[in-house]
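Chemist: When you get a sec, could you give me coordinates for this:
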Amino acid sequence: MDTLALDWELDVGWDPGYLELKHVVNRLPANFKERAMTRGIIIDDPSTGITEHQILNEIYGCRKLQSLVLTGVRDLSDRTIIELARTIDGLRGLQINGCKYVSDVGILELVAKAPPLEYLYVGGGVVLTDPTISAIAKTFPKLQELDLSEGPLITAVSARDVWSFSRRLRCLSFARCPQLTDTAFPCQIKDRGKKPELEDKPLPHRPLTWIEQLEPLMLRHTAVDMRILDLSGLTKITDEAVAGVVVHCPALDKLSLAGCTNLTDHALKSVAKLGVNLSALNLARIPHITDSGVMKLAQECIELRSIDLAFCRQLTDLAVMELAGLQKLNRLVLVRVPKVTDNAIYFLGDHTPTLERLHLSYCDRVSLKSLHHLIRRSRRLEHLTITGVPAARRKGLGRFSDPPPERWPEDQKAVFRVFSGENIGKLCQFLDKEKIRRRQAEAQNIPFVARSDDRTDLY
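Modeler: Numbering: from 1, shown residues only. Below you'll find the predicted structure:
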């Protein structure tokens, strides 16, 4: 869930909550005693070179395993999953995101033989079908965290089973599942028992599929334990789906709707009903939301700590000023929001002392003067991104920036401006000196010339 240099951070990549004694990280147990004590093996770095064959040998030796993270074992296949299900009796959690050689065969064996899991991460390229997802939902009643992201074959049929049967879920990800539509999600309470009216249209251009004709999902229970939900990249869902999710999950703490391009301000008004429960929200790349929806959010969700509004091009200073009033806001992303001006930056500096991370890349109307004011007033600021801002190209600023990624082309490296840690303080001192030099030049009626070093000489 990340985009180059934009630091999305929503995260929505969650760390499984492994509680037991000893965990081996990016290596294998070294001896018999370590195998006997090991409760978890975490292999998340592909550079370790650990293969499926080595993992199989450890499974036979570590009979008390409770958790496995194997995202760094790229040749992992159904063979390991089948042996794991048959051998380990106390397994509680499994994370195999991105293991493309795992299929329905291995997961169905896991469902049939393994004890009820609490954590299961099978997204990021693991291609599973509806029957397998439905079997997971119906067989693991203790499931608390489930990641089904990037499932190209997942449809509303299995998604509805997840909502219906997995009632203890705390974290759920359906991110970038291209087949999911509104029928995959619970409907609003006001729609229960009432079939939505069909719009008056001439003959449709194509027959409706049986999935599109599914009745609204009416549930008698609510997901009171659900805290983290990732629906990013679901381009087919509308405001109705968001309204239904909010009704069914009234205690959401983190919600990601990034890339849901059909959403409007009506969806934001539904999200605002979460009130003080909501602390992190990702609304990046939703082109139709406006100041009105963001203002409603800021007025109702007063505990918001992080909000991502990248590429929301209709937003203006008004939305930013409303968010600046949030007492606990520490992260704000405004990448490519072209209507943001100095007025919003001054307001953030004066009214948001809790701000720690701010992303303003490609906000062309922001000046260096307003950024200087923001840095001086925001004492907690730890990370500032102003890549591509014309004012940030001023000579002398680049030496305080973090180094750009090596894989970036030269033209992007030239405009890369990311300041973090102590470099923010050094940048502030540099701008303080320049301000003093500018005042001295005005006082002596001397043309001001910008410098790239730390000297205070006017010439």
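Chemist: Any stretches of this structure with poor pLDDT?
Modeler: Within the chain, the stretches with pLDDT under 70 are 1-21, 189-213, 448-449, 451-459.
Chemist: For residue 152, grab the count of nearby residues.
Modeler: Residues contacting residue 152 under the criterion other Cβ atoms under 10 Å number 12. All C-beta atoms are positioned from the backbone trio N, CA, C, and that covers glycine.
Chemist: which residues does residue 415 contact?
Modeler: 387, 388, 392, 393 (Cβ atoms under 8 Å, 6 or more residues apart in numbering).
Chemist: and with 7 Å instead?
Modeler: Residues in contact with residue 415 (Cβ atoms under 7 Å, 6 or more residues apart in numbering) are 387, 388, 393.
Chemist: Now do the phi/psi pair for residue 138.
Modeler: In this entry, residue 138 is assigned phi and psi values of phi -80, psi -20 (degrees, to the nearest 10).
Chemist: now swap in residue 173 and tell me
Modeler: In terms of degrees, to the nearest 10, the main-chain angles of residue 173 are phi -130, psi 120.
Chemist: Spatially nearest residue to it, not counting backbone neighbours?
Modeler: Spatial nearest neighbour of residue 173, chain neighbours left out: residue 230 (4.0 Å); criterion: Cβ to Cβ, 6 or more residues apart in numbering.
Chemist: From the contacts of residue 415, list just the buried residues.
Modeler: Buried by 16 or more other Cβ atoms under 10 Å: 387, 388, out of those.
Chemist: Going by distance to residue 164, which of the contacts of residue 415 wins?
Modeler: Residue 164 lies nearest to residue 387 out of the contacts of residue 415, by Cβ to Cβ, at 44.7 Å.
Chemist: quick one: that closest one from residue 364, how far?
Modeler: Distance of residue 387 to residue 364, computed by Cβ to Cβ, to the nearest Å: 12 Å.
Chemist: related to what we said a few turns ago, make TSV from the contacts of residue 415 and add distance to residue 177 to it.
Modeler: Shown next, in TSV, are the contacts of residue 415 (distance: Cβ to Cβ, whole Å):
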residue	distance to residue 177
387	31
388	32
393	40
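Chemist: now the contacts of residue 415 in TSV, with distance to residue 151 and secondary structure?
Modeler: Formatted as TSV, the contacts of residue 415 follow (distance: Cβ to Cβ, whole Å; DSSP: H, G, I helix; E, B strand; the rest coil):
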residue	distance to residue 151	secondary structure
387	33	coil
388	34	coil
393	43	helix
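Chemist: list the buried ones in stretch 111-130?
Modeler: Going by neighbour count (16+ other Cβ under 10 Å), the buried part of stretch 111-130 is 111, 114, 117-130.
Chemist: to the chain's geometric centre, what's the distance from it?
Modeler: 21 Å (Cα atoms, centre = their mean, to the nearest Å).
Chemist: how far does it stretch from start to finish?
Modeler: The straight-line separation of the ends of stretch 111-130 (Cα to Cα, to the nearest Å) is 14 Å.
Chemist: can you check stretch 218-235 too?
Modeler: With Cα to Cα as the measure, stretch 218-235 spans 23 Å from end to end.
Chemist: What of stretch 310-324?
Modeler: End-to-end distance of stretch 310-324 (Cα to Cα): 16 Å.
Chemist: List the buried residues in it.
Modeler: Within stretch 310-324, the residues that count as buried by 16+ other Cβ under 10 Å are 310-312, 314-324.
Chemist: ok, these vs residue 50, which is closest?
Modeler: Residue 50 lies nearest to residue 310 out of the buried residues of stretch 310-324, by Cβ to Cβ, at 36.1 Å.
Chemist: How about the contacts made by the closest one?
Modeler: In this structure, residue 310 makes contact with 6, 284, 285, 333, 335, 336, judged by Cβ under 7 Å, 6+ apart.
Chemist: Let's see that with 6 Å instead.
Modeler: 284, 333, 335 (Cβ atoms under 6 Å, 6 or more residues apart in numbering).
Chemist: circling back: switch the buried residues of stretch 310-324 over to a markdown table; also include distance to residue 37 and secondary structure.
Modeler: Converted to a markdown table, the buried residues of stretch 310-324 look like this (distance: Cβ to Cβ, whole Å; three-state DSSP):
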| residue | distance to residue 37 | secondary structure |
| --- | --- | --- |
| 310 | 45 | coil |
| 311 | 48 | coil |
| 312 | 50 | coil |
| 314 | 56 | coil |
| 315 | 53 | coil |
| 316 | 58 | coil |
| 317 | 58 | helix |
| 318 | 58 | helix |
| 319 | 53 | helix |
| 320 | 52 | helix |
| 321 | 56 | helix |
| 322 | 53 | helix |
| 323 | 49 | helix |
| 324 | 51 | helix |
